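Visitor: Output the structure for:
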Amino acid sequence: MSSRLRKLVLGTDKSYHQVAEEMGINKSVLLRTANGKGMPNSRQLIPICKYFGVSADYLLGLEERSEHADK
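Guide: Sure thing, here's the model as predicted:
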């Protein structure tokens, strides 16, 4: 999950702080997840998926492709 999330955030050309703020989640959640030091709970995972337009299965590594990655 961490590498996919990092790739998505880097693709925005925004800081982790900006992305987290736009999602409405705490920056530390986003950073811990992107660094492989934690996992978001379901309340935090939903805004991440919606923001990037990807499924939870994609972020969790259960799917190889996502709508976002194919664009």
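Visitor: Pull the contacting residues for residue 23.
Guide: Contacts for residue 23 (C-beta atoms under 8 Å, 6 or more residues apart in numbering) come out as 30, 47, 48, 50, 51. No exception for glycine: its C-beta is placed from N, CA and C like everyone else's.
Visitor: Please list only the buried members of those residues.
Guide: Buried members of the contacts of residue 23, counted by 16 or more other C-beta atoms under 10 Å: 30, 47, 48, 51.
Visitor: ok, so of these, who is nearest residue 11?
Guide: residue 51 (11.7 Å; C-beta to C-beta).
Visitor: Give me the nearest residue to the closest one, chain neighbours excluded.
Guide: Nearest non-adjacent residue to residue 51, counting by C-beta to C-beta, 6 or more residues apart in numbering: residue 23, 4.8 Å away.
Visitor: ok, which stretches of the protein are helices?
Guide: Under the criterion DSSP state H, the chain contains helices at 2-10, 16-23, 27-34, 42-52, 56-59.
Visitor: now the second one against helix 2-10, angle please.
Guide: Right, helix 16-23. Per axes from the mean of the first three to the mean of the last three C-alpha atoms, to 10 degrees, the angle that helix 16-23 makes with helix 2-10 is 80 degrees.
Visitor: relative orientation of helix 16-23 and helix 42-52 in degrees?
Guide: 100 degrees.
Visitor: Return the set of buried residues in helix 16-23.
Guide: Applying 16+ other C-beta under 10 Å to helix 16-23 flags 16, 19, 20, 23 as buried.
Visitor: want to throw the residues you listed into TSV with distance to residue 36 and pLDDT?
Guide: Formatted as TSV, the buried residues of helix 16-23 follow (distance: C-beta to C-beta, whole Å; pLDDT from 0 to 100):
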residue	distance to residue 36	pLDDT
16	14	95
19	17	97
20	17	96
23	19	95
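Visitor: which stretches of the chain have low pLDDT?
Guide: 66-71 (pLDDT under 70).
Visitor: again, only this time at 90
Guide: 42, 61, 63-71 (pLDDT under 90).
Visitor: sorry, back to before: quick one: the residue nearest to residue 51 and residue 38, what's the gap?
Guide: 16 Å (C-beta to C-beta, to the nearest Å).
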